[in-house]
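A.B. asks: I'd like to go over a predicted model; first the sequence, then the structure.
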Amino acid sequence: MAAQSCEDVGSAAFADTPLSQWATQPFALWMQTCVRMQAESIRFIGHRLAKDLSAAGRLAACRTPLDALEASVGLAADATRDYLDEGQRLLAVAAGDFESVLATTL
């Protein structure tokens, strides 16, 4: 393969070379990862908002301070579990895509 000049980098001829694919593929994979992570985050936010609205109803139905305390503890544990699970899901997306980038560029 002939060496590419600086002027060729912006040309259509450069776009089909293995060098251009090597240079742009990681960026494309990174953008796909960003889209997947954003979609997952939006899904999670919707899920948590629904649970938070339900939690407000549960707290409003409490008749004694002890009832409110017990409900609060349960709600906090549920939220903590959800956020930890979501963090693991986002890390799994990022890690899987990072491995894809390494496999295609090395």
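C.D. replies: In hand now; what should we look at?

A.B. asks: low-confidence ranges in this structure?
C.D. replies: Along the chain, segments meeting pLDDT under 70 span 1-22, 97-106.

A.B. asks: please redo it, this time with the cut-off set to 50
C.D. replies: By pLDDT under 50, the weakly predicted segments of the chain are 1, 4-9.

A.B. asks: ok, which stretches of it are helices?
C.D. replies: 12-15, 18-60, 65-105 (DSSP state H).

A.B. asks: and the ones you listed as JSON lines, adding mean neighbour count?
C.D. replies: No exception for glycine: its C-beta is placed from N, CA and C like everyone else's. Converted to JSON lines, these look like this (neighbours: other Cβ atoms under 10 Å):
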{"stretch": "helix 12-15", "mean neighbour count": "11"}
{"stretch": "helix 18-60", "mean neighbour count": "12"}
{"stretch": "helix 65-105", "mean neighbour count": "13"}
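
A.B. asks: ok, residue 35 to residue 42 distance?
C.D. replies: For residue 35, the distance to residue 42 equals 11 Å [Cβ to Cβ, to the nearest Å].

A.B. asks: so how far is residue 82 from the residue lying closest to residue 75 once chain neighbours are set aside?
C.D. replies: Leaving aside its chain neighbours, residue 75 sits nearest to residue 55 (4.6 Å; criterion: Cβ to Cβ, 6 or more residues apart in numbering). The spacing between residue 55 and residue 82, counted by Cβ to Cβ, is 11 Å.

A.B. asks: same thing with residue 29?
C.D. replies: 28 Å.

A.B. asks: do the same with residue 95
C.D. replies: With Cβ to Cβ as the criterion, residue 95 and residue 82 are 20 Å apart.

A.B. asks: And for residue 57?
C.D. replies: Counting by Cβ to Cβ, the gap from residue 57 to residue 82 is 18 Å.

A.B. asks: Please apply the same query to residue 33.
C.D. replies: Distance from residue 33 to residue 82, by Cβ to Cβ: 22 Å.

A.B. asks: swap in residue 44?
C.D. replies: 8 Å.
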